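*Asks:* Provided below are the primary sequence and the corresponding predicted coordinates.
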Amino acid sequence: MRFDLVDLKLFIAVAEARSITGGADRAHLALASASARIKGLEEAFGIALFKRGRRGVALTAAGESLLDHARLIIANVEAMQGDLMGFASGLRANVQLLANTVGLAEHLPRALAAFLREHPDINVDVEERESTDIAEAIVSGRADLGVAAEHALPDTIERFAFGEDRLILVAGRRSPFAGRRQIDFSETAGQDFIGLTQGTALNAHIGRHAARLGIRQHVRARLRDFDAICQMVAAGVGIAVVPEAAARRCARSMPISLIMLRDAWSNRRLVICARSFKALPRPAKLLVDHLRKTAI
């Protein structure tokens with residue numbers, strides 16, 4: 001049985017593109033060469049890995065199994081390369097981190113700043129994702145490390161607590177909700193909202209639960225950061241759902257009221273997660289150790 005890393009990378013590319021042509025393009029191989037390599041893989045394993053159709057290819061059960069193994073093998077090879085690069089003089093290590101909106105905006109900046117000061121040879125790339133997408137990426141081997149809401153993670157993912165991810169409602173002092181201490185999100189139906197920009201993980205999370213309650217939010221403005229949102233709320237333009245940490249910070253300088261949401265989805269625990277902390281490359285392990293020490 002003979003195959004190499006190029007074969008496995010091509011197989012992953014074809015599976016993700018659902019097309020041998022598309023996979024060949026992603027792998028920077030000629031179509032004829034890619035077809036021959038896929039055929040060679042199937043002959044090596046003695047089983048079909050793809051179902052061919054007019055609109056492309058789909059994985060067989062055996063192909064699904066190989067995809068999981070192939071992603072792990074490639075991830076481990078990349079981790080090995082990352083570790084060995086650390087021994088090369090003058091080279092900088094890179095850690096990729098997926099984070100949900102609250103983790104990225106409220107919890108990570110200070111912790112990452114301290115880490116980067118202590119480790120000038122390590123860079124950190126942070127990408128914002130929904131917690132469910134982070135979980136899927138880690139399980140599939142497409143990501144090593146994440147900051148996500150714990151409820152979205154399967155039991156197979158390792159994690160440790162990093163902070164609270166509680167969402168609350170903020171309203172202006174003249175809002176009919178201003179004197180409330182608690183509220184059900186369903187009571188906000190018909191109100192003007194100030195929201196996050198489209199494409200942010202938290203915006204998708206709030207929108208999904210609003211839809212489940214049959215609430216069609218009337219969003220007056222969409223802004224990128226929580227301070228700007230709270231300024232709009234303070235001006236009486238609308239109400240908003242924001243992380244409690246951001247709301248309390250803004251309330252020190254803005255005339256806004258903080259109202260606790262009684263909905264279960266608003267109370268989330270933020271965790272650092274990985275498929276296996278022991279299997280992480282050394283730079284990622286250093287970051288994990290630092291985040292563990294700074295966890296709330």
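*Replies:* The structure has been received and is ready for your questions. Numbering: from 1, shown residues only.
*Asks:* drop to CA atoms for contacts and neighbour counts, all remaining ones
*Replies:* Fine.
*Asks:* isn't residue 290 right up against residue 113?
*Replies:* No. Contact criterion Cα atoms under 8 Å: residue 290 and residue 113 do not qualify, at 11.0 Å.
*Asks:* the more surrounded of these two?
*Replies:* The residue with more neighbours, out of residue 290 and residue 113, is residue 290; 16 against 11, by other Cα atoms under 10 Å.
*Asks:* and the more buried one, that one's in a helix?
*Replies:* Yes. Counting by DSSP: H, G, I helix; E, B strand; the rest coil, residue 290 is part of a helix.
*Asks:* Report the contact partners of it.
*Replies:* Counting by Cα atoms under 8 Å, 6 or more residues apart in numbering, residue 290 touches 111, 115.
*Asks:* just the one 4 residues further on next, same as before
*Replies:* Contacts for residue 294 (Cα under 8 Å, 6+ apart) come out as 111, 162.
*Asks:* Just the pLDDT at it, thanks.
*Replies:* The confidence metric pLDDT takes the value 89 at residue 294.
*Asks:* And it, how far from residue 182?
*Replies:* Taking Cα to Cα, to the nearest Å as the measure, residue 294 falls 30 Å from residue 182.
*Asks:* Same check on residue 281?
*Replies:* Residue 281 sits 45 Å away from residue 182, going by Cα to Cα.
*Asks:* Over to residue 188?
*Replies:* Here residue 188 is placed at a distance of 12 Å from residue 182 (Cα to Cα).
*Asks:* What of residue 173?
*Replies:* Following Cα to Cα, the distance that separates residue 173 from residue 182 is 15 Å.
*Asks:* before we move on, what about residue 97?
*Replies:* 35 Å.
*Asks:* Give me the more crowded residue out of these two.
*Replies:* More neighbours surround residue 97 than the other of residue 97 and residue 182, with 20 against 15 (other Cα under 10 Å).
*Asks:* would you say the more buried one is within a strand?
*Replies:* Yes. Under three-state DSSP, residue 97 falls within a strand.
*Asks:* Surely it is in contact with residue 123?
*Replies:* No. The pair residue 97 / residue 123 is not scored as a contact, 10.6 Å apart, by Cα under 8 Å.
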